[in-house]
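In: Got a predicted model here, sequence first, then my questions.
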Amino acid sequence: MLLPVPTVTIYPGDTIKETMLRLQSYPTTYRARAAVIDAPLAIVGRTARRMLLPGEPVPVNAVDDPRLVSRGTPTQMVFEENGLVITAVGQPLQNGGLGETIRVRNTDTNRIVLGTVMADGRIKIGGF
């Protein structure tokens with residue numbers, strides 16, 4: 001069985017590139033201590049949650065989707081409905097990746113609302 005393994009040390013927060021991986025052969029009887037990723041495409045473009053060592057299989061829980069919104073970093077919130085567009089600044093209360101629903105504090109009103117993280121890093125509020 002072939003498993004993708006890093007060719008270099010990958011540090012937490014690093015985005016994993018295809019050039020950082022190679023396929024390594026393991027016997028079919030190989031049993032990892034934890035569930036490991038078995039396809040390079042399942043890793044490429046994702047972010048390391050912890051240090052990944054060269055030649056070691058990558059555990060499923062060691063990678064995360066890239067973070068588009070960071071907790072505490074002011075981010076633009078957008079409300080769109082029937083051609084009306086309202087923007088405001090919000091403070092995310094949690095980290096978020098594409099399509100995730102997160103809690104955001106409206107810095108003008110101090111109210112907490114739910115919003116969906118968009119590809120451009122803005123947060124869509126309401127009008128789902």
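Out: Sure thing, it's come through.
In: The lowest-mean-pLDDT helix or strand in the chain - contacts with which helices or strands?
Out: The helix or strand of the chain with the poorest confidence is strand 63-64; it has a mean of 89 (mean pLDDT, DSSP states H and E). Contact here means 3 or more C-beta pairs under 8 Å, 6 or more residues apart in numbering; DSSP states H and E; on that basis strand 63-64 packs against strand 47-48. C-beta: built from backbone N, CA, C; applies to glycine.
In: The helix or strand following the least confident helix or strand of the chain: which residues count as buried?
Out: Using DSSP states H and E, the helix or strand that follows strand 63-64 towards the C-terminus is strand 75-81. Across strand 75-81, burial judged by 16 or more other C-beta atoms under 10 Å covers Thr75, Met77, Val78, Phe79.
In: other SSEs contacting the lengthiest strand in the chain?
Out: Longest strand of the chain, by residue count under DSSP state E: strand 84-92. Applying 3+ C-beta pairs under 8 Å, 6+ apart, we find strand 84-92 packed against strand 75-81, strand 101-106, strand 123-125.
In: mean confidence score for that strand?
Out: Average pLDDT, strand 84-92: 94.
In: Alpha carbons of that strand, as PDB, please.
Out: C-alpha atoms of strand 84-92 as PDB (Å, rounded to 0.1, in the frame of the first residue of the first chain):
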ATOM      1  CA  LEU A  84     -29.800  45.800  -0.600                       C
ATOM      2  CA  VAL A  85     -26.200  45.400   0.500                       C
ATOM      3  CA  ILE A  86     -25.100  46.400   4.100                       C
ATOM      4  CA  THR A  87     -21.500  46.100   5.300                       C
ATOM      5  CA  ALA A  88     -20.100  46.400   8.800                       C
ATOM      6  CA  VAL A  89     -17.000  45.400  10.700                       C
ATOM      7  CA  GLY A  90     -17.300  42.400  12.900                       C
ATOM      8  CA  GLN A  91     -15.000  40.500  15.300                       C
ATOM      9  CA  PRO A  92     -15.000  36.800  14.800                       C
END
